[in-house]
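Chemist: need coordinates for the below:
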Amino acid sequence: MDRDRLLEKISIDPRVCFGKPCIREHRIWLSLVLDLLASGLFIEEVLEEYPQLSREDILACVAYGAEMSRERFVDVSLVRSA
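Modeler: Residues are numbered from 1 along each chain as shown. Here you go, the predicted model:
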């Protein structure tokens, strides 16, 4: 599935989950899925925790996060090499 089709799986509705990006037809925040992946869970483990999701739903979260990283500046500390 290409990136554009994955991104179609994302919805933002001010009346659902406070307008936070969610997986379409679910009330599961993208940030939750990304946090789970960032904490070290594998896609298969996320699917065990949330069996109503598909592998493509999780990849859609990653694709959305990638798109957001291109548009937003994240302030991180500069680490200088010795």
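Chemist: what about the helices in the protein?
Modeler: In chain order, the chain shows helices spanning 3-7, 30-38, 43-49, 55-71, with DSSP state H as the criterion.
Chemist: quick one: contacts of the third one?
Modeler: Residues external to helix 43-49 that are found in contact with it (Cβ atoms under 8 Å, 6 or more residues apart in numbering): 33, 36, 37, 41, 53, 54, 55, 58, 59. Just so you know, the C-beta spots here come from the backbone N, C-alpha and C atoms, and that holds for glycine as well.
Chemist: in it, which residues are buried?
Modeler: If you call a residue buried by 16 or more other Cβ atoms under 10 Å, then helix 43-49 has these buried ones: 43, 46, 47.
Chemist: same check, this time on the second one
Modeler: Within helix 30-38, the residues that count as buried by 16+ other Cβ under 10 Å are 30, 32, 33, 34, 36, 37.
Chemist: elements contacting it?
Modeler: If contacts are counted by 3 or more Cβ pairs under 8 Å, 6 or more residues apart in numbering; DSSP states H and E, helix 30-38 sits against strand 22-23, helix 43-49, helix 55-71.
Chemist: go again using 6 Å as the cut-off
Modeler: Helix 30-38 sits against helix 55-71, with contacts defined as 3 or more Cβ pairs under 6 Å, 6 or more residues apart in numbering; DSSP states H and E.
Chemist: mind exporting the helix it packs on as PDB, just the C-alpha atoms?
Modeler: Only the C-alpha atoms of helix 55-71 are listed here, as PDB (Å, rounded to 0.1, in the frame of the first residue of the first chain):
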ATOM      1  CA  ARG A  55      -0.900  -3.800  10.000                       C
ATOM      2  CA  GLU A  56      -1.800  -1.100   7.500                       C
ATOM      3  CA  ASP A  57      -3.400   1.000  10.300                       C
ATOM      4  CA  ILE A  58      -0.100   0.900  12.100                       C
ATOM      5  CA  LEU A  59       1.900   1.700   9.000                       C
ATOM      6  CA  ALA A  60      -0.500   4.600   8.400                       C
ATOM      7  CA  CYS A  61       0.500   6.000  11.900                       C
ATOM      8  CA  VAL A  62       4.200   5.800  11.000                       C
ATOM      9  CA  ALA A  63       3.500   7.400   7.600                       C
ATOM     10  CA  TYR A  64       1.600  10.200   9.200                       C
ATOM     11  CA  GLY A  65       4.400  10.700  11.800                       C
ATOM     12  CA  ALA A  66       6.900  10.900   8.900                       C
ATOM     13  CA  GLU A  67       4.800  13.500   7.200                       C
ATOM     14  CA  MET A  68       4.500  15.600  10.300                       C
ATOM     15  CA  SER A  69       8.300  15.400  10.900                       C
ATOM     16  CA  ARG A  70       8.800  17.100   7.500                       C
ATOM     17  CA  GLU A  71       6.500  20.000   8.500                       C
END
